[in-house]
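J.: With the input below, show me the fold.
(chains A, B and C)
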Amino acid sequence: MLLVQILVNGVLLGGLYGLMALGMALVWGVLNIVNLAHGAFIMLGGYLVFFLFTAGLDPLVSLPIAMAVLFLFGYVIQRSLLNLIVRSALLNTLLFTFGLDVVLTYLAQLLFSADFRTINPSYAGANFSVGAVTVPVGRLIAFAIAVALALLLYLLLERTRLGRAIRATAQNLDAARLYGVNPAQIYAITFGIGAALAGAAGTLYGIVAQITPYIGVTLTPKSFVIAIIGGLDNPLRIVAGGIVIGVAEAVTSLYLGPTYTDVVSFGLLVLILVLRPAQSLKIA
Amino acid sequence: MNGRWFALAAAVALLAGVPWFGNAVLIQFGINALLIAVLAQSWNILGGFAGYVSFGNSVFYGLGSYGVAIAMAQWNLPFWVGLIFAATIAVAFAALLGWPILRLRGPYFAIVTLGISAAMSALASNLDIAGKNVGLILPLTRNDTLFYEASLVLLAAATLTVAWIARSRFGMALIAIREDEDAAASVGVNATRFKIAALAMAAFFTAIAGGIHAYWITYIDPAGSFDTTLDVRMVIMTMFGGPGTVLGPVVGALVLSAIYEVLADSISKAAALFFGIVILVAVIFLPRGLVDLGGGFRVLRWRYFLTNIRQYRI
Amino acid sequence: MSAKLFEARGLVKRFQGLLAVSEVDFAIERGAIVGLIGPNGAGKSTLVNLVAGALRLDSGEILFDGARIDRLPAYARAHLGIARTYQIAKPFPDLSVRDNVAIGAMFGAEGGVRDRAKARAMADEWLDFVGLAAQADHQAARLGGPDRKRLEFAKALAMQPKLLLLDEVMAGLTPVEVEAAVGLIERTRARGVTVLVIEHVVPAIRRLSDMLLVLQQGRLIASGDPATVLNDPRVIEAYLGRRRA
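T.: Sure, this is the predicted structure:
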């Protein structure tokens, strides 16, 4: 029964992990930028909602606000800075987002202090029982919203004009230009959507866990691994990838102890990367 | 050419003389700056020449610190035996680790390296011989001049090694890998072997730097030894100075260490922020580093920066 | 020493279930120029990648100088004396044209020459051979299309190969440039290098080749003396017929 409980926890948390990875996978697939500041974006979303919460706003109300603010933030970063170097070697974009991560992390430490923060509306700590299994309400809400946002992203990419433009840009920049797409604009919008998804993930992360300026350090690699497991082309498969990692983590900390989760998740990362060839990762 | 060699020799002599005309604070700053310059120069071997960005080289620093600490504190061996032990462990670890992860390219490799130090730190805090969470205390030797000169010799050795790489077939192989790994393979470059050798060389110098530092500060623990902010610094210093060049990482490390020291004195909390800003500016305006600025700026003046941007923007 | 330098037996390669190369057999004699033609998507480049070691076989055998090489990685095949060019040129972009070729000389067959100055001197000779000597100091990334193809050629020659695989080096060239390329390939053979020329442009290759191979949808549908092969009704229908239509 303990195992079932662990599995439930892992699956629910995994949905949130999937949401974290969505934005990173989208940006990676379309812009060919691995955004090492993605975890820092999640952190910013978390802090924004935390402060709105202390001002009396329910996090579920703040969620769209966080998404909108992060969208703007991402849009401006891409339009004004990243677009300047987007065609240079991967090494350079990687380093740039790494620098961005450092700036955001230490800025957050300076402005918000290193204290642990949690967003705890009444439902965050609540739970209910199904048979012998306890279902935490906070995680359930996070899971539901993550799946809903993945669905929305899927519909956006497949069913709208903007989605078609994004996919065309991902496949062939020059061809997209011929069809009247402005790549600079599409890049900025895509990066903005990626940041907005990070904002949503940060909101939900603040409900189920604690926020510090440094959470990005672990969330960025985690998002990366999930993006690889799920592939870059299908949002729903990325959420599934998140669930895989969520369950693996829950099981590890049950059987080996929480100090080993870092060792195990690092080993898992290497294993997945070595076993899964990189060429299967092109966006469809 | 002769003038350049003379300038270089004068700079080295000046650095070597610091303990005789500098005060204690300057010597201590010097040890830290020289050691971080060793880390940057080591990172340069794989990162600068072969284009493989590692965010995990601090693991070799940690292994070096622990190697010396275990040899001296647990087994009562002399320092130099500890250094050999530390370097051996780090090189072996690099070879073992390199085999699976150096087959990964680009962001895959970079991200994997992000996790290494955290994993090793967790391991160290669970091992009895490493003193678990508490760490280890080394025998005390108060001789900052000795530590300073040892660090300088190590930096000189690392830089001479990189100077050799820059002129050798080995270096050409690394550069070919950086430029196009598939094309390098079809020309006959055994990429895996060269990359592992490059990582092992980096591990060697990095571990010795860690060992010297451990003996100098006489106390180590998991968090301080497997310190991921070191990764941030060595990458930024190399990129700022000029990746894939012989003197770039050294210039970058010494310049940024000095600026950081001044900033840390006046606005201590914002000093870390400064590194992040440096990297943002450097990637946009100085994609080939500080040492490229001299020649480029002389020819193009302010247009140098514009040319750099124009090349890569969308 | 057998007359055959190279032999492929029953080569098969699938991409996600789709057959790209299917049961292909052929042999190349020492000192020959062999042409490989076929419509777009026939599997020509896949075949080059299989021979050079950039892709692994699903089944079949490749023999070079009498020894199995199909399990060797690309660099090891280069050491044995197989050099290739890429259909879309792959220079080392930030390096000078001379250093690009020098890298070929420093690795290549038997691991190449160790000394960098010597490799550069050799590079200059090869650049002269392909007519790129004037651009030796240029950055490779700035070369135009035809010059890139020359660079690929020089880089491959500097490896001192026994077998040279040329993947569409004539595509996109003007008639005058095609003539130059034909002359270059003939002079390369005169130096004792065996050549496999993959091409879309039939007239040039017809004159050049001692033997022609025709690939269609991954299968070898004809092989032999160029005149006979090009009059084979299957070839006319499958490849030339469609071009005329």
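J.: Could you check the pLDDT of C:Glu125?
T.: As predicted, C:Glu125 sits at a pLDDT of 94.
J.: got it, and B:Trp302?
T.: Listed pLDDT for B:Trp302 reads 77.
J.: likewise B:Ala7?
T.: 88.
J.: That one: what's it in contact with?
T.: By C-beta atoms under 8 Å, 6 or more residues apart in numbering or on different chains, B:Ala7 lies in contact with nothing. C-beta here means a position set from N, CA and C on the backbone, and glycine is covered the same way.
J.: if I look at it, how far off is chain A?
T.: Per C-beta to the nearest C-beta, to the nearest Å, B:Ala7 is found 30 Å from chain A.
J.: do the same with B:Asp231
T.: From B:Asp231 to chain A the distance is 10 Å (C-beta to the nearest C-beta).
J.: Off-centre distance for the lengthiest helix in chain A?
T.: When chain A is parsed with DSSP state H, its longest helix is helix A:2-31. In this view, helix A:2-31 has its centroid 8 Å away from the chain centroid, taken as C-alpha atoms, centre = their mean, to the nearest Å.
J.: Could I get the buried residue list for it?
T.: Using 16 or more other C-beta atoms under 10 Å in any protein chain shown as the test for burial, helix A:2-31 gives A:6-31.
J.: try stretch B:298-314
T.: B:Tyr304, B:Phe305, B:Asn308, B:Tyr312, B:Ile314.
J.: Narrow those to those in helices?
T.: Going by DSSP H, the helices hold B:Tyr304, B:Phe305, B:Asn308, B:Tyr312 from those.
J.: show me the contacts for the last one.
T.: The contact partners of B:Tyr312, by C-beta under 8 Å, 6+ apart, come to A:Leu84, A:Ile85, A:Val86, A:Arg87, A:Ser88, A:Asn92, B:Pro287.
J.: Kindly report the same for the second one.
T.: Contact criterion C-beta under 8 Å, 6+ apart gives B:Phe285 as the residues in contact with B:Phe305.
J.: again, but for the first one
T.: Contact criterion C-beta under 8 Å, 6+ apart gives B:Leu293, B:Gly296, B:Phe297 as the residues in contact with B:Tyr304.
J.: Repeat that for the third one.
T.: Under the criterion of C-beta under 8 Å, 6+ apart, the contact list for B:Asn308 reads B:Ile284, B:Phe285, B:Leu286, B:Pro287, B:Arg288.
J.: And the next helix or strand past the longest helix of chain A?
T.: Next helix or strand after helix A:2-31 toward the C-terminus (DSSP states H and E): helix A:38-54.
J.: Can you tell me which residues in the stretch 151-284 of chain A are near chain B?
T.: Within the stretch 151-284 of chain A, the positions near chain B by C-beta under 8 Å from any C-beta of the partner chain are A:183-184, A:187, A:217-218, A:220-221, A:224-225, A:228, A:259-260, A:262-263, A:265-267, A:269-270, A:273-274, A:278.
J.: about what we covered before: format the ones in helices among the buried residues of stretch B:298-314 as JSON lines; extra columns: distance to B:Phe85.
T.: Output for those, formatted as JSON lines (distance: C-beta to C-beta, whole Å):
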{"residue": "B:Tyr304", "distance to B:Phe85": "48"}
{"residue": "B:Phe305", "distance to B:Phe85": "48"}
{"residue": "B:Asn308", "distance to B:Phe85": "45"}
{"residue": "B:Tyr312", "distance to B:Phe85": "45"}
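J.: from those, which single one is nearest B:Tyr52?
T.: B:Tyr312 (20.3 Å; C-beta to C-beta).
J.: Name the SS class of the nearest residue to the closest one once chain neighbours are set aside, please.
T.: Using C-beta to C-beta, 6 or more residues apart in numbering or on different chains and skipping residues adjacent in sequence, the residue nearest B:Tyr312 is A:Ser88, 3.7 Å away. Look at A:Ser88: counting by DSSP: H, G, I helix; E, B strand; the rest coil, its state is coil.
J.: Correct me if wrong: A:Ile193 contacts A:Leu70.
T.: No - counting by C-beta atoms under 8 Å, A:Ile193 does not reach A:Leu70; the two are 9.6 Å apart.
J.: who's more crowded, those two?
T.: Neighbour count, other C-beta atoms under 10 Å in any protein chain shown: between A:Ile193 and A:Leu70, A:Leu70 has more, with 28 against 25.
J.: re earlier: tell me how many other residues crowd the residue nearest to B:Tyr312.
T.: Every residue meeting other C-beta under 10 Å relative to A:Ser88 is counted, giving 19.
J.: Check the gap between the nearest residue to A:Gly267 once chain neighbours are set aside and A:Tyr17 for me.
T.: Among residues not flanking A:Gly267 along the chain, B:Ala119 sits closest, at 7.7 Å (C-beta to C-beta, 6+ apart). Here the criterion is C-beta to C-beta, to the nearest Å. By it, B:Ala119 lies 19 Å from A:Tyr17.
J.: In this structure A:Val86 contacts A:Ile33, no?
T.: Yes - here A:Val86 reaches A:Ile33: they are 6.8 Å apart, a contact under C-beta under 8 Å.
J.: where exactly do the strands run in the chain?
T.: In the absence of a named chain, this looks at chain A. Using DSSP state E, the strands of chain A run over A:127-130, A:133-136.
J.: hmm, I had chain C in mind actually
T.: C:4-15, C:18-29, C:33-37, C:59-64, C:67-68, C:82-84, C:163-167, C:194-198, C:211-216, C:219-224.
J.: what comes into contact with the fourth one?
T.: Same thing as strand C:59-64. Here strand C:59-64 has contacts from C:4-12, C:23-24, C:50-51, C:68-70, C:77, C:80-82, C:163, using C-beta under 8 Å, 6+ apart.
J.: Need the buried ones from those residues selected in ChimeraX.
T.: Listed next is the ChimeraX selection for buried residues among the contacts of strand C:59-64, using 16+ other C-beta under 10 Å:
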select /C:5,6,7,8,11,12,24,50,51,69,70,77,80,81,82,163
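J.: Without its sequence neighbours, what residue ends up closest to A:Ala21?
T.: Looking at A:Ala21 with C-beta to C-beta, 6+ apart, the closest residue is A:Ile226, at 3.6 Å.
J.: what's around the closest residue to C:Leu165 other than its chain neighbours, how many residues?
T.: Leaving aside its sequence neighbours, C:Leu165 sits nearest to C:Arg84 (C-beta to C-beta, 6+ apart; 4.0 Å). Neighbour count for C:Arg84, taken as other C-beta under 10 Å: 28.
J.: What pLDDT does the model give C:Arg84?
T.: On pLDDT, C:Arg84 comes in at 95.
J.: List the residues that contact it.
T.: Counting by C-beta under 8 Å, 6+ apart, C:Arg84 has contacts B:Ser186, C:Val48, C:Val51, C:Ala52, C:Ala156, C:Leu164, C:Leu165, C:Leu166, C:Asp167.
J.: and of the residues you listed, the nearest to B:Tyr108?
T.: The closest of the contacts of C:Arg84 to B:Tyr108 turns out to be B:Ser186 (C-beta to C-beta; 21.4 Å).
J.: and the helix or strand that closest one falls within, which residues are buried?
T.: Using DSSP H and E, B:Ser186 maps to helix B:181-187. Neighbour-count burial for helix B:181-187 flags B:Glu181, B:Ala183, B:Ala184, B:Ala185, B:Ser186, B:Val187 (criterion: 16+ other C-beta under 10 Å).
J.: Would you map the helices across chain C?
T.: Counting by DSSP H, the helices of chain C are C:44-52, C:74-80, C:97-106, C:116-130, C:145-158, C:175-190, C:202-208, C:226-231, C:233-235, C:241-244.
J.: so which of the ones you listed comes closest to B:Ile27?
T.: From the helices of chain C, taking C-beta to C-beta, the stretch that ends up closest is helix C:116-130, at 40.1 Å.
J.: Show me what that closest one is packed against.
T.: Applying 3 or more C-beta pairs under 8 Å, 6 or more residues apart in numbering or on different chains; DSSP states H and E, one finds that helix C:116-130 contacts helix C:97-106, helix C:145-158, helix C:175-190.
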